[in-house]
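S.K.: Sharing a model that was predicted from the sequence below.
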Amino acid sequence: MTLYRAAAYLFSLLIVAAFAASGVLAFHGTPFGQNENTAEFERPDWAREINNHVGFPAYRLRDDGSSVAIGRVVMLSPERLRVSVFPDVKIDPVGQSRVLLLETNARSLLALVPDKSRMEIAKDMERVARSMRDRFVSIVRDPAFDEAYRERLQAIVIDAYREVRADPVLDTATDRAIEIYRREYAPELSNSLLIAAIPRLRAAALEMMTPSWQNMLDLLVEGKVDYSPLGDAAADLLRNDEFFDAMVIHALNLGRDRRFWQVSVLLADAFIDAVSDDPRTEALLDDISRDPAFHNELQVLEREAAAATTTIFSSVVGRGPQMRPDALAVRIIRYILLRRPHVVAVVVPNGEPLPSGILDRFTPLTRAGS
Amino acid sequence: MTPASAAERRAPILSVASLSIAQPAGRVLLHDVDLALNAGEIVLLAGPSGTGKSTLINMLSGAIDPREEGWRASGEISYGDRIYDLATDRVAIGGVVFQNFALFDDLSVADNLAIARDHSDAISPSLSEAIDRLIEDIDRKQPVASASGGQRQRVAIARTLLGNHPVLFLDEPNSGLDVSSSRQLAEMLRALVDEIGIPVVIIAHHFRHLVDVADRALVLDSNAHALVEVPVETDAIETALSAIENEQPPSALAVAAAKSEAAPQELADGGPLPDAAARWRFHWGLRYFLRYVWELCFSPSALLFVGLGCTIVGFVTTWFIFMYLPFRDYLLPIIHSDALAGLAFSELRVLAPLMAAVLISVRNSSLITASIGHKVYSDQIKAMRNLNVPHRIYINTMIMAASGVAAIFLAAAAVSLTAWVAMMTWAHIFPDGSTYMWRDQFFQRLWPPGEPFLIGWDWILAKTIPSIVGASAIALYFGYRPKHDVLDINKAIAQSLIWGLSFVLSWQSILTLIEFKRVSARLEATF
C-alpha cells in the first residue's frame, strides 16, 4: 500500500467518522453524559383524557412574562406524567420546582398575560365595550329598530334560551353555575351592581305597573304588557360608567373561576350554537346591516372593534418592551383555533416568584409518590 | 496446452474452413477463407491497413462475439475432434497479445497474471516455467503503468499464455520498437514458440525482422477478401502487398492460396479448447466490488462532495428561513416550531437526498464512463473476454452493486450531515436556545418519539438508489460504446453526464411530487 493510498484511507475514515458523529449529535444529542433532569407527577383528573404520544411542551417564564421552551411533558399513564427538562438547559431539578399544567384555552391564555398587559387589555376591552354599548343602545332605542327588529330578536333569543334549557345536561350545568354564583358571587353582585341598578329598575317597574288607559286597554284587549320602561332602564344603566365598571370587574372575576368558566363556556357555546343555527338570525343580521338607519352606527362600531381587536390581540400575545408575540401564547391560540385538546406545562423553579399573580390560580402538580 | 515434441511440430492442430466475416455495417472483410495452423510455427499475417487482420484475430480469439455485436460470421473451426460453428458459437481458440498490450492498468503485474491464471485451466509446469523465464527480470509487484514498454509486452505475452489457448495471436508486436528491440522480440518469440510448441500468428506491418523467424507468411487480399500464402521473404510479401494495393487479381501474385493446402490434412490433438463461457471467481468479484465501493462511495472526493453539498443545503435553508423572514421579530415566535418541522421535511426528505444524488451521480458517471471508455479504447474489455474474465460480473455488476451501496450510505450521510449543519446554524442564530428543543421541534413530525426510524426513510431510498444506480447504468452504456479515439471517450463522458443528470432530476422530481401528494394529508393532520 502506498503512502498516498494509506493517507486516502485515513482521510476517508475521518470523514466517515465525522458523518457518523454529525448523525449522532443531530438525531440524538451528545452521547456523553448529561444530567437527566426529569420528575414524575400525578396527572390531574381534568387532563386524563388528553393524550399525545409525542408529548407536550414545557416552558419557563422569564421576568417579562415571555416563555422559553425547556422540556417536554409525557403522559405515562392515566395517573402519572413525566416532565423532562432538556439536558442542556440549566435549571434546578424539576422535581423540586413547581409545575403548572395548563389546558390550551382562553382562560390559560389570559392567565399568562402579564399584569401590565392585563390592565391594558381591561382598558381596551372597556373602551370597546363602551363603544359597543353606546352603539347598541343607540340602535336599540332607535324607533326603526323597535318597529322592525325588536320582536324578531326577542323571538330568536327566547327560543335559543329554551333550547339550551331543554337539554338536561346543560340544564344541570346551568343550575350548578347558578348555585355557585348565588353562593360565591351574589354578595359581590349585591354590593356593587345592584346598589346602582335597583333604584333605576324600581322606577322602571313602577312606571310599567302604573296603570294608564292605554296600558289597561293593551292588557285587557290584546294581553300585551309594555316592557319598554325596563328596556329604557337597562339602557340607562349601561350608560352609567360606575355601573359599567363594576359590571366589567364582576365579569372578569367570574371569568377567572375555573368552575364558572367551564359552565359558562358550555352554556355560551350551546346558546351561540342555538342562535347561529336559527335561520332567522342570519336574515335578521342581514337586514340590520343593510338598514340605512343604522349605517353610521355600524360603521363606527366596525372601525372601533377592528382597532380594539388588534390592540387586545397584541396585548394578549405580546411580551417584553417590544411586545413581540410569545411562542407559548401563540401555541395556545393555535390549539384553541384547531379545537384540539392540548396541554402545556410551566415550570417555576423553587424560590422564584411566580411571574404573574394570576398563575396562583393554577395548582402546582403533585410529585408522584409524595 | 503442452509443449510440442519435435515430431509433432508442423502437424496442423486446427483448421478454419469457409470463414466469412462481415462488419455490422455490412462490409465484407473475409469470404470463404480456409486456414490451417500447425504446432510450433510462426505465421506472419500481413495486409493493407483496415482490411480486417485485427478483426480476424478478434473473431478467432472470442474478443468479438458475433451473436451480440452485429458482426456476421460463418464457417467452421476444427480443433481436435470437435467442430465449432462460427455463426453460433463464440470460440476462443487464440490468445491475443494486443498492439497496446491491453494490460489491466488498475492491477499490478502479478495481478494481471493472476487474474488470467485464475480464469483458465491449469497450465503445464513446462509452460509455467517458460512464462517465469519470460518475465523473470520484472518486478511483479509494480503497477503495470510503471513497467517499461518491453516489460509490458512480455507481461502481456505471459498473461496471454496463462489463458492456455491453442494459438497465440500477436497484433503488431513490434510497432514502435527500434531495430534492435524488434530483433530481440523476434528472437524471443522464436525461442518461446520452440519451447512451448503452439502456433503463433503475428500481424505486422513492419515484418522485416520478423521474417527471419517466421515459418509461413499470409497476406490478406482485401480485393478478393481472401488469405493468400506467400514465400517467407520480405520481397515476396512486399510484392504481394503492392499487387493488392494496385488491385491486381490474386492469381497475379503467383503464390499458392492457403485454401488449397489447408483442407485435406488431418488434425493433431492440440489438447482441450478453453471453455468459452466465462466463470467468475468469488475473490476476484469481491476485489472488484471493494475497489468500486471505494471509488464510487468511500473515496475522499465522494465523501467531500456530499459533505460540502449538504453543508450548503443545511446552512443556506436554515439561515434563509430564520434570518430573512419578513416581519421576522413578529412572525418568528408564531411560526418557529412549524418552520423547523417544515425545514426538516424539505432538508432531510427532499434537498439532502437530491443533493447527494446529483453530486454523486455526476461524479460517478464521469468516473465510470471514463474508466470503461478507457478499457474499451485500450482493448482491456477485449482482453478480459479473451482471457475468459467475466467483465460483466466484475465490472458491470460490481459497479451497480457499489452504486447501490453508495446510494444507501451517502443518503444516510447526507441526511445526518444536513441535520447537523441545520442544527448548528440554528444554534448560531439562537445562541440562547436549547439544541434539544431544536431536535424536539425539528423532528416533531419526521422522527417523533417511539418511531424506530426517520419517517419517510423509504422515500429517501426510493429516490436515491434508483437515481444513483440508474445514472451508473447510463454511464456504463456510454462507456461501452465503441471508442475509436480519445475524443470518443470525452464525448461519452459528456453524454453520460447529460443523460445521467437528466435521469436523476427527472426521477427525483417525479418521486418528490408523488411523495408530496401522498404525505401532504398526513402532515396537515399533524399541524
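M.R.: Sure, I can see it.
S.K.: which intervals of the stretch 151-300 of chain A have sub-threshold pLDDT?
M.R.: For the stretch 151-300 of chain A, the stretches with pLDDT under 70 are A:189-190, A:192, A:205-228, A:252, A:255-256, A:258.
S.K.: May I see the buried residues of the helix or strand where A:Thr174 lies?
M.R.: If you go by DSSP states H and E, A:Thr174 is part of helix A:168-180. For helix A:168-180, a neighbour-count test (16 or more other Cβ atoms under 10 Å in any protein chain shown) marks A:170, A:173-174, A:177, A:180 as buried. Backbone N, C-alpha and C define where each C-beta goes, glycine included.
S.K.: from the middle of its chain, how far away would it be?
M.R.: Relative to its parent chain, helix A:168-180 has a centroid offset of 20 Å by Cα atoms, centre = their mean, to the nearest Å.
S.K.: Then stretch A:172-190?
M.R.: So, by Cα atoms, centre = their mean, the centroid of stretch A:172-190 is 20 Å from its chain's centroid.
S.K.: ok, and what's touching that stretch?
M.R.: A:164-165, A:250, A:253-254, A:257, A:259-260, A:263-264, A:266-267 (Cβ atoms under 8 Å, 6 or more residues apart in numbering or on different chains).
S.K.: Quick check: chain neighbours aside, which residue is closest to residue 98?
M.R.: I'll assume chain A. Leaving aside its chain neighbours, A:Arg98 sits nearest to A:Pro364 (4.0 Å; criterion: Cβ to Cβ, 6 or more residues apart in numbering or on different chains).
S.K.: please go with chain B instead
M.R.: In this structure, B:Phe98 finds its nearest non-sequential neighbour in B:Asp379, 4.4 Å apart by Cβ to Cβ, 6+ apart.
S.K.: Get me the contact residues on the stretch 201-350 of chain B for chain A.
M.R.: B:298-300, B:303-304, B:307, B:329-330, B:333-334, B:336-337 (Cβ under 8 Å from any Cβ of the partner chain).
S.K.: Please name every helix or strand in contact with the one helix or strand B:Ile237 maps to.
M.R.: B:Ile237 belongs to helix B:234-245 when assigned by DSSP H and E. Contact partners of helix B:234-245 among helices and strands, from 3 or more Cβ pairs under 8 Å, 6 or more residues apart in numbering or on different chains; DSSP states H and E: strand B:42-46, strand B:216-221, strand B:226-230.
S.K.: can you list contacts of the longest one?
M.R.: In this case it means strand B:216-221. By Cβ under 8 Å, 6+ apart, the residues outside strand B:216-221 that reach it are B:30, B:35, B:41-48, B:51-53, B:56, B:207, B:211, B:226-233, B:236-237, B:240-241, B:244, B:250, B:253, B:258.
S.K.: so what strands line up beside it?
M.R.: Take DSSP bridges as the rule and strand B:216-221 pairs in its sheet with strand B:42-46 (parallel), strand B:226-230 (antiparallel).
S.K.: tell me the angle of the last one relative to helix B:234-245?
M.R.: For strand B:226-230 and helix B:234-245, the angle between their directions (axes from the mean of the first three to the mean of the last three Cα atoms, to 10 degrees) works out to 150 degrees.
S.K.: what helix or strand is the residue nearest to A:Arg98 on?
M.R.: Assigned by DSSP H and E, A:Pro364 falls within no helix or strand.
S.K.: what about it, neighbour count?
M.R.: The number of residues packed near A:Pro364 is 16, by other Cβ atoms under 10 Å in any protein chain shown.
S.K.: try A:Pro321
M.R.: Neighbour number of A:Pro321 under other Cβ under 10 Å is 7.
S.K.: residues touching B:Gln23, list them.
M.R.: Contacts of B:Gln23 by Cβ under 8 Å, 6+ apart are B:29, B:55, B:71.
S.K.: ok, and the closest non-adjacent residue to B:Trp507?
M.R.: B:Ser467 (5.2 Å).
S.K.: The helix or strand hosting the one you found packs against which elements?
M.R.: Counting by DSSP H and E, the element that carries B:Ser467 is helix B:457-480. When contacts are defined as 3+ Cβ pairs under 8 Å, 6+ apart, helix B:457-480 sits against helix B:352-377, helix B:398-429, helix B:486-526.
S.K.: Just want the angle from that helix to helix B:352-377.
M.R.: Counting by the same axes, to 10 degrees, helix B:457-480 lies at 20 degrees to helix B:352-377.
S.K.: how much does helix B:457-480 deviate in direction from helix B:398-429?
M.R.: Taking the same axes, to 10 degrees, one finds helix B:457-480 and helix B:398-429 inclined to each other by 130 degrees.
S.K.: re earlier: please report how far the residue nearest to B:Trp507 lies from B:Leu303.
M.R.: The gap separating B:Ser467 from B:Leu303 is 18 Å, by Cβ to Cβ, to the nearest Å.
S.K.: Likewise for B:Gln23?
M.R.: Applying Cβ to Cβ to B:Gln23 and B:Leu303 gives a distance of 45 Å.
S.K.: Next: A:Val140.
M.R.: 78 Å.
S.K.: Equivalent analysis for A:Arg152, please.
M.R.: Distance, A:Arg152 to B:Leu303, by Cβ to Cβ: 77 Å.
S.K.: Can you pick out the residue with more neighbours from the two?
M.R.: Counting neighbours by other Cβ under 10 Å for A:Arg152 and for B:Leu303 shows that B:Leu303 has the greater number, 23 against 15.
S.K.: For that one, grab phi and psi.
M.R.: For B:Leu303, the backbone dihedrals (degrees, to the nearest 10) come out as phi -70, psi -40.
S.K.: chain center to stretch B:470-477, what's the gap?
M.R.: Per Cα atoms, centre = their mean, the displacement of stretch B:470-477 from the mean C-alpha position of its chain is 13 Å.
S.K.: per-residue confidence averaged over that stretch?
M.R.: Average pLDDT, stretch B:470-477: 97.
S.K.: Pull it out as PDB, backbone CA atoms only.
M.R.: The C-alpha trace of stretch B:470-477 is given here as PDB (Å, rounded to 0.1, in the frame of the first residue of the first chain):
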ATOM      1  CA  GLY B 470     -29.600   4.400 -12.900                       C
ATOM      2  CA  ALA B 471     -27.000   7.100 -13.600                       C
ATOM      3  CA  SER B 472     -24.300   4.400 -13.200                       C
ATOM      4  CA  ALA B 473     -26.200   2.200 -15.700                       C
ATOM      5  CA  ILE B 474     -26.300   5.100 -18.200                       C
ATOM      6  CA  ALA B 475     -22.600   5.700 -17.600                       C
ATOM      7  CA  LEU B 476     -21.900   2.100 -18.300                       C
ATOM      8  CA  TYR B 477     -23.900   2.200 -21.500                       C
END
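S.K.: Name the surrounding residues that touch it.
M.R.: The contact list for stretch B:470-477, computed with Cβ under 8 Å, 6+ apart, reads B:296, B:357, B:361-362, B:364-369, B:372, B:395-396, B:399-400, B:403, B:496, B:499-501, B:503-504, B:507.
S.K.: swap the cut-off to 6 Å and go again
M.R.: The contact list for stretch B:470-477 (Cβ atoms under 6 Å, 6 or more residues apart in numbering or on different chains) reads B:361, B:364-365, B:368-369, B:396, B:399, B:403, B:496, B:499-500, B:503-504.
S.K.: Right, I'll leave it there.
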